[in-house]
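Asker: fold the following for me, if possible:
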Amino acid sequence: MENFLQPDRGFKINREHLQKASVIFLFVLVIIVMVAFAESVTNPILLGFAAIMGGYMALNIGANDVANNVGPAVGSKALTMTGAIIIAAICEISGALIAGGEVVSTVSSGIISVDAIGDSKEFVTLMLAALISGAIWLNIATAIGAPVSTTHAIVGGVLGSGIAAGGFGVANWSALGGIVGSWVISPIMGGVIAAALLFFIKHTITYKENKKTSAENIVPYLIAFMTWAFSLYLINKGLRHIVTLDSKIAFVLSVVIAVLVFFIVKPIIKKALEKLENKKEEINKLFTIPLIFAVALLSFAHGANDVANAIGPLTAINEALKVSFEFGAKANVPFWIMLIGGLGISIGLALFGPRLIRTVGGEITELDQMRAYCIAMSAALTVLVASELGMPVSSTHIAIGAIFGIGFLREHLKRQYKEMEAKILESRKGEDSKKVKEFLEHFRNASVKRKSAILKSIERKDSKKKAKLEEFSDIDLKKKEAKKLKEAYKEELVKRSAINKIIAAWLITVPVSAIFSAICYFIISAIGL
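Answerer: Numbering: from 1, shown residues only. Below you'll find the predicted structure:
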């Protein structure tokens with residue numbers, strides 16, 4: 001009855017769904033047309049169905065995985081939702097088409113042994129089941145608002161259908177051990193690097209009395225550092241399919257680019273600061289442009305690399321359906337398959353991405369431009385460090401770990417700050433409240449060095465009382481009371497419910513995708529496609 005009383009609202013919702021359905025329908029038509037003009041295969045209908053499933057997987061990658069690149073920029077208000085989606089969509093499809101055409105071997109990660117698979121028909125069934133299961137799990141994860149690793153989803157799919165096809169002996173369990181390790185390594189590295197960067201920015205800029213002067217000295221170096229990291233990241237991860245450079249040459253080239261950027265942005269920063277006030281909120285504006293470039297570069301690299309999670313199995317199926325198919329042979333990705341991957345990711349981001357973008361950008365912890373900068377830097381630096389050390393990492397887990405790291409650091413610093421204020425209040429107990437407030441305001445505006453001097457002075461004057469957080473009265477508090485007092489000062493800036501949901505989704509991605517894939521394999525085998 002309520003829907004009938006609100007016809008406008010119901011029509012609006014239906015119209016939105018209709019628009020999304022129409023775009024997806026057109027995308028499916030494009031896929032069918034592209035398959036029709038593809039090279040001749042033994043079963044064009046099966047290839048067409050596989051292409052639609054590849055497009056479905058690409059849609060879900062765009063809806064879920066791209067949020068890690070654009071979420072922090074949107075959450076910090078450096079970009080609007082629409083602006084972020086437009087930039088990311090263009091860069092994702094550009095990355096897929098320009099730099100995503102490397103030779104794809106779907107099982108190159110060694111998840112299963114290809115030799116154990118009987119024939120091309122069984123191989124096609126295996127790959128199709130993996131594609132369907134990975135896409136279904138990503139769809140479910142997006143619906144519940146959980147950012148998960150698309151790579152782990154397709155790995156689970158290949159594992160499940162591989163075991164269904166050839167038994168547990170086909171699985172490479174040591175390779176899977178590395179993937180399990182990445183569940184821990186990726187978020188920890190991302191969190192530590194992001195927190196360390198934010199700590200550095202706070203102590204060199206925002207904790208200083210003259211924030212403008214500090215920003216003029218430090219921000220150009222931060223932007224140059226970002227330029228170096230993203231240049232090296234893009235050369236190693238995004239453009240390696242076009243040109244392969246020696247690691248030393250790539251490093252030197254990225255340093256040269258960073259130095260040039262430093263001398264370009266230094267006078268720009270100086271001029272911009274003339275119009276800004278000596279406040280943290282104003283200094284934040286200096287990080288807006290770098291964040292926009294970060295969104296573009298991360299999206300380009302993501303399109304170049306993670307599109308393989310959609311087009312890899314599809315390419316394998318396309319090759320397996322050819323008369324000249326040989327197991328273990330490498331396959332060049334046809335342009336029409338790359339186009340399906342790039343278009344799918346961009347359309348999925350535009351239609352269904354906002355949900356996860358909001359989750360990543362604001363539902364875990366509050367972000368501003370400085371914090372978002374640290375998250376973007378963490379994503380690039382963690383991948384670079386992990387690549388050099390040969391450690392498997394997940395870009396999704398890195399980004400979410402970085403957000404958690406930022407939030408937990410803020411909680412720690414807030415708690416420390418309140419404990420310092422508690423010391424001041426205790427040392428000035430009995431004094432005029434107006435004078436106490438003035439002193440607190442002076443303390444808040446002081447630099448870190450000055451704050452430390454004030455606290456040392458208080459400790460010397462009050463050494464007998466030993467002012468601590470637990471001592472707000474002349475009566476000693478018991479341990480339980482002291483614990484409660486500390487808890488009262490513990491301000492939660494990271495939503496614990498979000499942590500539990502996301503970690504749970506991470507842990508079950510591979511096994512759930514594997515189970516879905518095994519089921520899909522048996523169904524497809526029974527149908528006899």
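
Asker: any idea of the mean pLDDT in stretch 71-89?
Answerer: Mean pLDDT, stretch 71-89: 92.

Asker: in that stretch, which residues are buried?
Answerer: By neighbour count on 16 or more other C-beta atoms under 10 Å, the buried set for stretch 71-89 is 71-79, 84-85, 87-89. C-beta: built from backbone N, CA, C; applies to glycine.

Asker: and if you look at stretch 182-197?
Answerer: In terms of neighbour count (16+ other C-beta under 10 Å), stretch 182-197 has its buried residues at 182-183, 185-197.

Asker: distance from it to the middle of the chain?
Answerer: Taking C-alpha atoms, centre = their mean, to the nearest Å, one finds the center of stretch 182-197 at 12 Å from the center of the full chain.

Asker: pLDDT weak spots in the stretch 51-200 of the chain?
Answerer: For the stretch 51-200 of the chain, applying pLDDT under 70 flags the ranges 99-111, 113-116, 118.

Asker: which stretches in it count as strands?
Answerer: In the stretch 51-200 of the chain, no segments count as strands under DSSP state E, counting those that start in this stretch.

Asker: please report how far the residue nearest to residue 55 when sequence neighbours are not counted lies from residue 54.
Answerer: Using C-beta to C-beta, 6 or more residues apart in numbering and skipping residues adjacent in sequence, the residue nearest residue 55 is residue 344, 4.7 Å away. Between residue 344 and residue 54 the distance is 7 Å, computed by C-beta to C-beta, to the nearest Å.

Asker: now the common contact residues for these two.
Answerer: Counting by C-beta atoms under 8 Å, 6 or more residues apart in numbering, the common neighbours of residue 344 and residue 54 are residue 310.

Asker: quick check: the residue nearest to residue 55 touching residue 309?
Answerer: No: shown here, residue 344 and residue 309 do not form a contact pair, counting by C-beta atoms under 8 Å, at 10.9 Å.

Asker: shared neighbours of those two, which are they?
Answerer: 57, 61.

Asker: before we move on, which element is residue 396 in?
Answerer: Using DSSP states H and E, residue 396 maps to helix 395-427.

Asker: give me the helices and strands touching that helix, please.
Answerer: Packing contacts for helix 395-427, counted by 3 or more C-beta pairs under 8 Å, 6 or more residues apart in numbering; DSSP states H and E, involve helix 67-75, helix 173-201, helix 369-389, helix 433-445, helix 448-461, helix 496-527.

Asker: let's see 6 Å
Answerer: Contacts defined by 3 or more C-beta pairs under 6 Å, 6 or more residues apart in numbering; DSSP states H and E place helix 395-427 against helix 173-201, helix 369-389.

Asker: from the centroid of the protein, which residue is nearest?
Answerer: Residue closest to the average C-alpha location in the chain (C-alpha atoms, centre = their mean): residue 68, at 2.8 Å.

Asker: now the helices for the stretch 1-150 of the chain?
Answerer: Using DSSP state H, counting those that start in this stretch, the helices of the stretch 1-150 of the chain run over residues 2-5, 7-36, 44-64, 67-75, 81-99, 120-143, 150-166.

Asker: redo the helices and strands packed on helix 395-427 as JSON lines? Include distance to residue 221.
Answerer: Rendered in JSON lines, the data for the helices and strands packed on helix 395-427 read as follows (distance: least, C-beta to C-beta, whole Å):
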{"stretch": "helix 173-201", "distance to residue 221": "11"}
{"stretch": "helix 369-389", "distance to residue 221": "13"}
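
Asker: ok, back up a step: gap between the helix holding residue 396 and the chain center?
Answerer: Centroid separation between helix 395-427 and its chain, computed with C-alpha atoms, centre = their mean, is 21 Å.

Asker: please spell out which residues along that helix are buried.
Answerer: Neighbour-count burial for helix 395-427 flags 395-411, 415, 418, 420, 422-424, 426-427 (criterion: 16+ other C-beta under 10 Å).

Asker: go on, stretch 259-271?
Answerer: 261-262, 265-266, 269.

Asker: of those, closest to residue 168?
Answerer: Set against residue 168, the nearest of those by C-beta to C-beta is residue 261 (52.1 Å).

Asker: that closest one touches residue 227, doesn't it?
Answerer: Yes: between residue 261 and residue 227 a contact is recorded at 4.3 Å, counting by C-beta atoms under 6 Å.

Asker: rewinding a little: residue 511: which of the buried residues of stretch 259-271 is nearest?
Answerer: residue 261 (44.7 Å).

Asker: roughly how far does residue 498 sit from residue 150?
Answerer: 20 Å.

Asker: higher neighbour count, those two?
Answerer: Neighbours around residue 498 and residue 150, counted as other C-beta atoms under 10 Å, are more numerous at residue 150. The numbers are 32 against 20.

Asker: ok, that one - contacts?
Answerer: Applying C-beta atoms under 6 Å, 6 or more residues apart in numbering to residue 150 gives the contacts 61, 65, 306, 309.

Asker: try residue 38
Answerer: Listed by C-beta under 6 Å, 6+ apart, the contact set of residue 38 reads residue 336.

Asker: for it, phi and psi?
Answerer: When quoted as degrees, to the nearest 10, the phi and psi of residue 38 stand at phi -80, psi 170.

Asker: next: residue 207.
Answerer: Torsion angles, degrees, to the nearest 10, at residue 207: phi -90, psi 0.

Asker: for residue 412, see how far away it is.
Answerer: 15 Å.

Asker: again with residue 263
Answerer: In terms of C-beta to C-beta, residue 263 sits 37 Å off from residue 412.

Asker: go on, residue 189?
Answerer: According to C-beta to C-beta, residue 189 stands 19 Å off from residue 412.

Asker: check residue 372 too.
Answerer: 19 Å.

Asker: ditto for residue 402
Answerer: Residue 402 is 16 Å from residue 412, by C-beta to C-beta.

Asker: go on, residue 159?
Answerer: When residue 159 is compared with residue 412 (using C-beta to C-beta), they lie 39 Å apart.

Asker: read off the pLDDT value for residue 298.
Answerer: You'll see residue 298 listed with a pLDDT of 88.

Asker: residues near it, how many?
Answerer: Neighbours around residue 298, by other C-beta under 10 Å: 31.

Asker: next, format the buried residues of stretch 71-89 as CSV and append distance to residue 33.
Answerer: Formatted as CSV, the buried residues of stretch 71-89 follow (distance: C-beta to C-beta, whole Å):
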residue, distance to residue 33
71, 34
72, 38
73, 35
74, 34
75, 39
76, 41
77, 41
78, 39
79, 34
84, 30
85, 26
87, 28
88, 26
89, 21
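
Asker: wait, which of the residues you listed is closest to residue 216?
Answerer: The shortest approach to residue 216 among the buried residues of stretch 71-89 belongs to residue 78, at 20.4 Å (C-beta to C-beta).

Asker: so the closest one touches residue 288, yeah?
Answerer: Yes: between residue 78 and residue 288 there is a contact under C-beta under 6 Å: 4.6 Å.

Asker: okay, and the common contacts of these two?
Answerer: Shared contacts of residue 78 and residue 288 (C-beta under 6 Å, 6+ apart): residue 369.
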